[in-house]
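Peer 1: Here is a sequence with its predicted model. Questions after.
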Amino acid sequence: MATLINVNIDDTGFIQLPAGTTAQRPASPQTGMMRVNTSFNPPQLEVYNGTDWRDYKNRFTAGLGSSAASAASSAEEILEYNPQAQDGFYWINVSGTARQIWCDMKNGGWMFAGRMQGTTWSHDDAKWTNTAVLNATSSPTTNTDIKTYAWFVPIKKARISLSFINNYLEEDWDYSNGLAGVFSVPAISTNINWDPSPGVSAGRLSKHTRQDFIEWFNKSNNVNGTQADGMGGPQFNGRGYINGVGGNQWNNCNMRGVNIRTNSGNVRIRYGISLNNEVDCVSSDYYWGVGFNGTPFGNNGAGKRSNYTGSGYAWNTATTGWIFVK
């Protein structure tokens, strides 16, 4: 094995590292070993971190993720090398091509994938599963519909927000082809119980309990709800859904997860929840999530719906949704 040679300590000196091909790597590497890999063009500096060899091309001088030449595999990888990394745009390797993606570093390295509003993110829109992007180099605060290249990176987790960007549910979605794969799964059309485990097909159903969703609803509603907007009265506490009272309770149907379909198939939701006061899902009364389509609620990117017309509870409110992945 090559050894360290030619070490000088004056101002014009240098350290000459061992150089060799990938095949010439040490057979039993030790943590901290450093070498130049000549299999790359140009040759690249690499370090053994105790598990594998990491390429450090341009990372010491330019910073991982700061340029297309030093694109990272994820926002989490950037934080691994630079725990002080700030929120903003970084270069991420997406299927072999460096792409700029806005990354949330303060909350642990989440990549911004999409922003839903208006009617262009309805359930039947092709954006959920196709390879196109929309306003891809936009930040989460840009007031428009957005789909970034983070939609296609392999993911382990997703973060879905409604109304407020920091009010989110976190999902364990392990898909090698990213959100495009998540939203390509077949529709769920049967009643689902509230066991927090996936249940139907790993990764398709939410891991959350009913109470998790109720708390999410409450945080996503306006603080000062009124009877006129369907958020006042006995079923609402001024913030949102609190499980109803008397005969108006929405305790049944309990469908939640990816691509749910209710009301005999008329209402479809890409991710969210459906509740009903009857014991079936034929005439569900309450919906919440992203990617709506169908009678009687129309199309919308993100929002909340109530089909119950008693005591002024019928409402159809559009909001903003965000999806981040890691």
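Peer 2: Cool, the structure landed.
Peer 1: Mind picking out the helix or strand in this protein with the poorest mean pLDDT?
Peer 2: Here the helix or strand of the chain ranked lowest by mean pLDDT, DSSP states H and E is strand 315-318, holding a mean of 64.
Peer 1: Describe which strands the helix or strand following that one pairs with in its sheet and in which direction.
Peer 2: Scanning forward in sequence from strand 315-318 by DSSP states H and E, the next helix or strand is strand 321-325. Strand pairing for strand 321-325, determined by DSSP bridges: strand 110-116 (antiparallel), strand 158-162 (antiparallel).
Peer 1: any chance you could map the helices in this protein?
Peer 2: 75-81, 178-182, 210-220 (DSSP state H).
Peer 1: quick one: the first one to chain centroid distance?
Peer 2: Okay, so that is helix 75-81. Taking Cα atoms, centre = their mean, to the nearest Å, one finds helix 75-81 lying 17 Å from the centre of the chain it belongs to.
Peer 1: Point out the most buried one among the strands paired with strand 321-325.
Peer 2: strand 110-116 (a mean of 27; mean count of other Cβ atoms under 10 Å). C-beta coordinates here come from the backbone N, C-alpha and C atoms, glycine included.
Peer 1: what about dumping the CA coordinates of it to PDB?
Peer 2: Only the C-alpha atoms of strand 110-116 are listed here, as PDB (Å, rounded to 0.1, in the frame of the first residue of the first chain):
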ATOM      1  CA  TRP A 110     -35.900  18.700   4.200                       C
ATOM      2  CA  MET A 111     -36.100  19.300   0.400                       C
ATOM      3  CA  PHE A 112     -39.000  21.400  -0.800                       C
ATOM      4  CA  ALA A 113     -41.000  19.400  -3.300                       C
ATOM      5  CA  GLY A 114     -44.300  21.200  -4.000                       C
ATOM      6  CA  ARG A 115     -46.700  24.000  -3.100                       C
ATOM      7  CA  MET A 116     -50.400  23.500  -3.800                       C
END
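Peer 1: quick one: contacts of that strand?
Peer 2: 74-75, 92, 101-104, 121, 138-140, 142, 144-148, 150-151, 153, 158-159, 179, 290-291, 301-302, 320-326 (Cβ atoms under 8 Å, 6 or more residues apart in numbering).
Peer 1: Does N252 touch E278 like I think?
Peer 2: Yes - using Cβ atoms under 8 Å, N252 is in contact with E278, at 6.0 Å.
Peer 1: quick one, which of the two is more surrounded?
Peer 2: Just comparing N252 and E278: by other Cβ atoms under 10 Å the higher neighbour count belongs to N252, 17 against 13.
Peer 1: which residues does the closest residue to N93 other than its chain neighbours contact?
Peer 2: Leaving aside its sequence neighbours, N93 sits nearest to A71 (Cβ to Cβ, 6 or more residues apart in numbering; 4.4 Å). By Cβ under 8 Å, 6+ apart, the contact list for A71 reads 65, 91-93, 98-99.
Peer 1: and what of I260?
Peer 2: Neighbours of I260 in contact, by Cβ under 8 Å, 6+ apart: 187-189, 268-269, 272-274.
Peer 1: Need the buried ones from the residues you listed selected in PyMOL.
Peer 2: Here is the PyMOL command that selects the buried residues among those (16 or more other Cβ atoms under 10 Å):
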select buried, resi 187+188+268+269+272+273+274
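Peer 1: Having no further points to raise, I will conclude here.
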